[in-house]
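>>> need a 3D model of the sequence below.
(chains A, B, C and D)
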Number of protein chains: 4
Amino acid sequence: MQRPGSRVTVERIESRILRTNPLGDPFVRDLAVYLPPSYYNNSTEYPTVFCLQGFTGGVWSWFNFQAWIPAMDERMDSLIASGVPEMILVFPDCFTRYGGSQYLDSSAVGDYESYLLEEVLPFVDQKYRTQKDRRFRGVMGKSSGGFGAITLALNRPDCFSAVACHSGDLYFEYCYIPDFPVAGRMIRKYGGIRSLIKNFHQISKTGKEDHALLNTIAMSACYSPNPDVKPHLFDLPFDEKTGKLRSLIWRKWKKHDPVEIVKRKGKSLADFGVVYLDCGNRDEFGLFVGAQIFVKELQKLGVAYVYEEFDGGHFHTQERYDVSLRRMAEYFRS
Amino acid sequence: MQRPGSRVTVERIESRILRTNPLGDPFVRDLAVYLPPSYYNNSTEYPTVFCLQGFTGGVWSWFNFQAWIPAMDERMDSLIASGVPEMILVFPDCFTRYGGSQYLDSSAVGDYESYLLEEVLPFVDQKYRTQKDRRFRGVMGKSSGGFGAITLALNRPDCFSAVACHSGDLYFEYCYIPDFPVAGRMIRKYGGIRSLIKNFHQISKTGKEDHALLNTIAMSACYSPNPDVKPHLFDLPFDEKTGKLRSLIWRKWKKHDPVEIVKRKGKSLADFGVVYLDCGNRDEFGLFVGAQIFVKELQKLGVAYVYEEFDGGHFHTQERYDVSLRRMAEYFRS
Amino acid sequence: MQRPGSRVTVERIESRILRTNPLGDPFVRDLAVYLPPSYYNNSTEYPTVFCLQGFTGGVWSWFNFQAWIPAMDERMDSLIASGVPEMILVFPDCFTRYGGSQYLDSSAVGDYESYLLEEVLPFVDQKYRTQKDRRFRGVMGKSSGGFGAITLALNRPDCFSAVACHSGDLYFEYCYIPDFPVAGRMIRKYGGIRSLIKNFHQISKTGKEDHALLNTIAMSACYSPNPDVKPHLFDLPFDEKTGKLRSLIWRKWKKHDPVEIVKRKGKSLADFGVVYLDCGNRDEFGLFVGAQIFVKELQKLGVAYVYEEFDGGHFHTQERYDVSLRRMAEYFRS
Amino acid sequence: MQRPGSRVTVERIESRILRTNPLGDPFVRDLAVYLPPSYYNNSTEYPTVFCLQGFTGGVWSWFNFQAWIPAMDERMDSLIASGVPEMILVFPDCFTRYGGSQYLDSSAVGDYESYLLEEVLPFVDQKYRTQKDRRFRGVMGKSSGGFGAITLALNRPDCFSAVACHSGDLYFEYCYIPDFPVAGRMIRKYGGIRSLIKNFHQISKTGKEDHALLNTIAMSACYSPNPDVKPHLFDLPFDEKTGKLRSLIWRKWKKHDPVEIVKRKGKSLADFGVVYLDCGNRDEFGLFVGAQIFVKELQKLGVAYVYEEFDGGHFHTQERYDVSLRRMAEYFRS
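This next block holds a predicted model:
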């Protein structure tokens, strides 16, 4: 296979911010950077897109071998070969012991938003020939990565002017609540949350019910950290004994729901060049509802966006990235 | 097969109350009554148990042929043969065009609670040699029938003194909300709720997603009727366009949630002889959570109950009825 | 609901042939007979159709209550109301301890073909005003009932001149072999076939894997009976220890495969008025393959038939009966 | 994460043998080689194990990021850290357009057995400090990789003296036949095999039914190549129109079934130091049957082996590799 000359470089960043993360996760992190074919042939500066993985994904998931499905660099190569303007893609590592960080700062997980914006972003801008202005910087992701992208866009419009949220975790009522009875049952099976956390490395992690449990734990650590609850430092959104929702904790979760944040901060997106959302019309987590609520809020605010509901579910949707990457690249050059 | 002499009689009741039901469902209804083996050999009076079907169940579902699974009369025969005291079982028909009535009075469905207590109950007491006192009357059911049983017990302790709620629809947050994104999607697919209702007889009703839709429609008609919404006379609990929960409508639903009712009326159950709940520990609708919340409220109120969480899911649990029928029969004779 | 005057009568037949059946199943059997609306208004004779249930189905399964799905008598009523000629429908009971008989004579199960043709058929012809000629007699069924219908038609063209095989068990390689590894595993789990048979009444019967096991046991008893293998009197088609196919036993099975029988006896169907087969194009047991092989053999033999491959799977296909019943009724009157 | 000093090197081999492969797959192939921690600290020679991927797996699948599941190099590192003797692991690339080669020579796919043994093996032995004798060479794999490992061991005992077959494709009756009705249906849906092959890059490849189709195509190309069938050069094992098995073609398949080969060549394994098989007792493809048939043949031949049936299914079984790698390493040093 003749590669067109693009390159994926690997950096290792020693993070000051993650050094004290409470989960004991590594603070030296990989960073992958896709440099487009022309990068080493000139001295021009390129726009950048930060690419955020979903839950249980790591930086290298973007490049996992999957039969018949191009990895992210191959995908970008093909786009460029078809005429899409060149860009740098940045793949940070925000994986954690629980499977992800939601790209937030959390006292139970670590400060991953800060890591991303205060360490990774400046590092990239310093080391690579990037266009160092939000006008030429985008953020995209899928699922929890879509959540991360849209949340960062809303909270930090000073950093980005383009965002793509693919099948993002929006409207927590539908995307998380159905997991709770299962997670609650399994927590009881494991003898309670303390016992479970203590033996976390041993518990089964590959079944469908395992996923409901793991996702609930990770989201609790991200959305409802509580330094007083030892040793795990977070509150569950339901009563451990009965499984009943805890409304105070749930309210903490909802503060992170993009369909809430958009009401207050949606205006941030008004001067974005790309506000792109999509979702499968058969998404197994019902995320099309969150997407529709979100864009309706944008409509109210008069913010321009594109929403595409495609025929499909939550998984195996990589070719959707072609759409958002092309849009961003064209906007950056426009 | 030598039958032990019990009998199932079939009555047809012409209901005054159902005559004007808004769904145009029949107002002449079947009623099946199980008369125990000794019934025609003496002139004694018997306790009665009202048996309520789940969603999509009708009076005859109790007697459907299923390989290797005894029908309700065979089940009661076996119990009696093993020494359980004799009882009369009453099987009313509260099926509706949408699949069920939840045994409530609803302006969008019909007044099925009234039908049951003001027409069926007196009819049975008049026609059969029953012990005509709440002390000797029970109500039981599974799933939506469990909901009906526990709701009737809470609301009408003047009628019953024994209740069994098997895998009942409790804690609506877990048992209904997961259906909403699917139901919303299908409503949109069918061109909106009006169009769907108009063509209700034609829509597919056998798939898993169909069930989410049908259940949502039926529960809306039961829990949030609204005479002003023509022609279907009920509100959906979510916005038809986006799928977002409508909090006012949801509150109407929650007023029917037994975990709410028990707070106000749980004391009603204090002088019951049997308050029995069970649920599978892998119930697909997470109903074990509702059961646990419910019994915790009973505990607070000092009301005696039995709760059993058995190993299994929501379906194929008929042998659980043996447990509650036996308990009731023994209580009635005690 | 105003019923159009049809009637379902229930007979009890004391069978001489089933009296000594080796499974100890009842030899007094129910028989349901559908008499069309005009039956009691005149003295005319009617054509008859024998209706055969699938595996795990009994005579009363035809009349089980299922929400929104008409029972067989309601279905026939509607057809007649729409102009289809009247017929008598006969519903024999060939259920067994293992879930079915395949309507065959088997030394391990009982002689159900003989029961059907030598006892039920004459009984019906004697007791009811039937047209007592094969020209006016049909047989239909679904799944194992479709197998039974097509097998009886091939073997006993002296009895029938119309046959409908809905989603029938054809081409055993695809419809049965996939169950064998599962069945073998469960047999080992239960401590071997002898131990399993001894505790047959206790084993779980409602899960998906249970079905693979039960079906394999029942088919073994029907297709490869062996009086020397005590106590169960049949051979499994695979080695109990390893699970490997036993080719001699498999050959016994294949002798019952309609796609084999048709080669020798397909000519029997040449003077049938209706040879109707159908199958869902997504049938979970791949039965569309068997149907296609079967009709290709008919084609070679120059036998007329109708084959319809409809959009759907193996389950919830009752409305297909409308097609075959209508065809038969019109042929009988033609 | 402090890495213990092992290394994965990447080679690119330009293959003479694959140059003319009929699928137009690349003939320059990656080769990954795991060099244990001490490799660069001395001049000793190491045993080697060839590791073969399953269907749809490529060389890099061994190193895909999966949350909580160590990649193959991390796994080997941990084993070594726990005292297991060091080895070199070799990861060849035998992926093809259809998803795999079964490590066979096929005129429809390419000569992958030859590539592996005549090009990769000598290359490794020349370039790395391996112990260049079959006594110190093993082969392992899972699923189609398990098939490849056991097949190579049987056919080429001159190359290896240790083999591990994890959940291998054995006993084709159970592991492949259930896919055929689905594959046949989809081939018809795509307008026939020629049309499907022509548009192969476009067809959906991620659903469950897609897998049945893809696997059937790939296995046909590997097991029943036929240069006369243009353009795809292989025979399907069933009739394209009806779906019926073609016995001549099926016989060609069965010639590749390890449970057949072992009868003739099982003696080859008599002087192996490790003959290890395992399978999950709930393997979705029933592969435990093939494994049991296989080892029973070994028993007859008096060949020593270890077979472990573990509690689990076909997927997420990576930790099983620890068992076989440890056994091999200990044997090589013994």
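>>> check contacts around whichever residue of the stretch 151-300 of chain A sits closest to chain D.
Per Cβ to the nearest Cβ, the residue of the stretch 151-300 of chain A with the smallest distance to chain D is residue A:206, at 3.9 Å. Placement of C-beta: from N, CA and C, glycine included. Residues counted as contacts of residue A:206 (Cβ atoms under 8 Å, 6 or more residues apart in numbering or on different chains) are D:315, D:316.
>>> 7 Å - rerun?
residue D:316 (Cβ atoms under 7 Å, 6 or more residues apart in numbering or on different chains).
>>> can you read off the pLDDT for it?
We note a pLDDT of 92 for residue A:206 in this prediction.
>>> what stretches of chain A score poorly on pLDDT?
Low-confidence segments of chain A (pLDDT under 70): A:1-4.
>>> nearest the geometric middle of it, what residue?
residue A:145 (1.8 Å; Cα atoms, centre = their mean).
>>> residue A:150 and residue A:162 touch, don't they?
No. Contact criterion Cβ atoms under 7 Å: residue A:150 and residue A:162 do not qualify, at 11.7 Å.
>>> coming back round to it: which element, helix or strand, includes the residue nearest to the centre of chain A?
helix A:144-155 (DSSP states H and E).
>>> and the angle from the helix or strand that that helix is followed by to helix A:144-155?
Per DSSP H and E, helix A:144-155 leads on to strand A:162-166 as the next helix or strand towards the C-terminus. Between the axes of strand A:162-166 and helix A:144-155, defined by axes from the mean of the first three to the mean of the last three Cα atoms, to 10 degrees, the angle is 150 degrees.
>>> contact partners of strand A:162-166?
With Cβ under 7 Å, 6+ apart, strand A:162-166 has contacts from A:138-142, A:146, A:149-150, A:153, A:272-278, A:317, A:320, A:324, A:328, A:331.
>>> out of these, which end up buried?
Buried by 16 or more other Cβ atoms under 10 Å in any protein chain shown: A:138-142, A:146, A:149-150, A:153, A:272-278, A:317, A:320, A:324, A:328, A:331, out of those.
>>> residue A:189: neighbour count?
Residues lying near residue A:189 (other Cβ atoms under 10 Å in any protein chain shown) number 13.
>>> next one: the helix holding residue A:145 to chain centre, how far?
With Cα atoms, centre = their mean, to the nearest Å as the basis, helix A:144-155 stands 6 Å off its chain's centre.
>>> what packs against it?
strand A:48-52, strand A:137-142, strand A:162-166, helix A:258-265 (3 or more Cβ pairs under 7 Å, 6 or more residues apart in numbering or on different chains; DSSP states H and E).
>>> mind doing that once more with 10 Å?
Helix A:144-155 sits against strand A:48-52, helix A:112-114, strand A:137-142, strand A:162-166, helix A:208-223, helix A:258-265, strand A:274-280, helix A:287-301, with contacts defined as 3 or more Cβ pairs under 10 Å, 6 or more residues apart in numbering or on different chains; DSSP states H and E.
>>> what would those look like in CSV with distance to residue B:303?
Formatted as CSV, the helices and strands packed on helix A:144-155 follow (distance: least, Cβ to Cβ, whole Å):
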stretch, distance to residue B:303
strand A:48-52, 51
helix A:112-114, 48
strand A:137-142, 49
strand A:162-166, 49
helix A:208-223, 32
helix A:258-265, 39
strand A:274-280, 46
helix A:287-301, 39
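>>> so what's the closest residue to chain C within the stretch 1-150 of chain A closest to, chain neighbours aside?
When scored by Cβ to the nearest Cβ, the stretch 1-150 of chain A has residue A:68 as its residue closest to chain C, at 23.9 Å. Nearest residue to residue A:68 in three dimensions, chain neighbours excluded: residue D:205, at 4.9 Å (Cβ to Cβ, 6 or more residues apart in numbering or on different chains).
>>> can you get me a residue count around the one you found?
18.
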